[in-house]
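Okay, here's the prediction I keep looking at, along with the sequence it came from:
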Amino acid sequence: MRLIRDLRHILIVLAVLVIGGAGGQFLRTAMIPESFGRQGPYRADALVTIASQKSRFPSAEKCHKCHEDVREEREETLHAGVACVHCHGLGEKHIAEAEAIAKSENAEGTVTPAEPWDGQFPSTIDLFISQDRKTCLVCHESVVGMPEDFRKIDVAAHLDEQGADDPDSPDTCFECHGNHDTAP
C-alpha cells in the first residue's frame with residue numbers, strides 16, 4: 001500500500017516536470033526569434049533592422065556646406081577622411097538651426113556656437129570644440145592591435161622628443177600641430 005502511495009507521488013512529480021518542461025520548450029520556441037542562432041548567438045535579422053535605421057552621424061559634406069574654409073584646410077591633410085563628428089560631436093541641434101535659417105526666406109537667425117568640450121567620451125554636448133590632447137590620443141596613442149602603417153605615437157617619448165612645454169597640458173598637441181591641418 002505504501003509503495004502505491006509513494007509511486008503516486010513520484011508520478012505526480014514526473015508529470016509536473018514533463019508538463020513544465022514541455023511548457024518551457026513551447027514558450028522558448030514562441031519567444032525566440034526565428035533567425036536567432038543562424039549566424040551565431042544573436043538574432044541574424046538584427047543586422048537588417050540596424051542597417052535600415054537612419055544614421056545619427058552627419059556627413060562631413062553637411063558640415064562643409066557652411067564651413068567651406070575647414071574643408072579647404074583639411075583637403076590635402078591626413079585628416080581629410082576623418083568625419084567632423086569624431087572631434088566635434090553630433091552637432092544635431094547646430095545643423096538643424098543652420099538648415100532652418102537657410103530655408104527661411106529672410107535667412108536670419110543665429111546658430112548655437114560650439115561649446116568647450118567636457119572631456120567625456122561620449123559627450124552629452126551637441127557640438128564642442130575639442131582642442132584637447134585626449135581627442136588626439138583616442139586615435140594616435142600607440143596601442144596593441146593598431147595597424148602598423150597608422151600614425152601612432154608613444155606619448156611620453158614623442159612629447160619628450162618634441163620638447164613639449166607642458167606634456168600634461170590639454171593643449172600640448174597644438175603647440176606643434178594645427179586643428180584641422182595636421183602638418184607640424
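Good, I have the coordinates. Numbering: from 1, shown residues only.

What residues sit buried inside stretch 113-123?
Ala114, Trp117, Ser123 (16 or more other Cβ atoms under 10 Å). Placement of C-beta: from N, CA and C, glycine included.

just checking, the second one touches Ile125?
The reference is to Trp117. Yes. Trp117 lies in contact with Ile125 (Cβ atoms under 8 Å); the separation is 6.9 Å.

what about the strands in the protein?
36-37, 40-43, 115-116, 128-129 (DSSP state E).

which stretch among those comes nearest Ser59?
Nearest to Ser59, of all the strands of the chain, is strand 128-129, at 18.5 Å by Cβ to Cβ.

Remind me what that closest one packs against, helices and strands.
Strand 128-129 sits against strand 115-116, with contacts defined as 3 or more Cβ pairs under 8 Å, 6 or more residues apart in numbering; DSSP states H and E.

what about 10 Å?
On a contact count with 3 or more Cβ pairs under 10 Å, 6 or more residues apart in numbering; DSSP states H and E, strand 128-129 meets helix 84-88, strand 115-116.

among these, which is the most enclosed?
Comparing the helices and strands packed on strand 128-129 by mean neighbour count (mean count of other Cβ atoms under 10 Å), helix 84-88 comes out on top with a mean of 19.

Report the rounded mean pLDDT for it.
Averaged across helix 84-88, pLDDT comes to 89.

coming back round to it: pull up the overlap in contacts between Trp117 and Ile125.
Shared contacts of Trp117 and Ile125, defined by Cβ atoms under 10 Å, 6 or more residues apart in numbering, are found at His88, Gly89.

What count of nearby residues applies to Leu127?
When counting by other Cβ atoms under 10 Å, one arrives at 22 neighbours for Leu127.

wait, it sits on Cys84?
Yes. The pair Leu127 / Cys84 is scored as a contact, 9.3 Å apart, by Cβ atoms under 10 Å.

anything in contact with each of these two?
With Cβ under 10 Å, 6+ apart, Leu127 and Cys84 have common neighbours Cys63, Leu90, Gly91.

out of the residues you listed, which is most surrounded?
Neighbour tally across these (other Cβ under 10 Å): the maximum, 23 neighbours, falls on Gly91.

Done for today, thanks.
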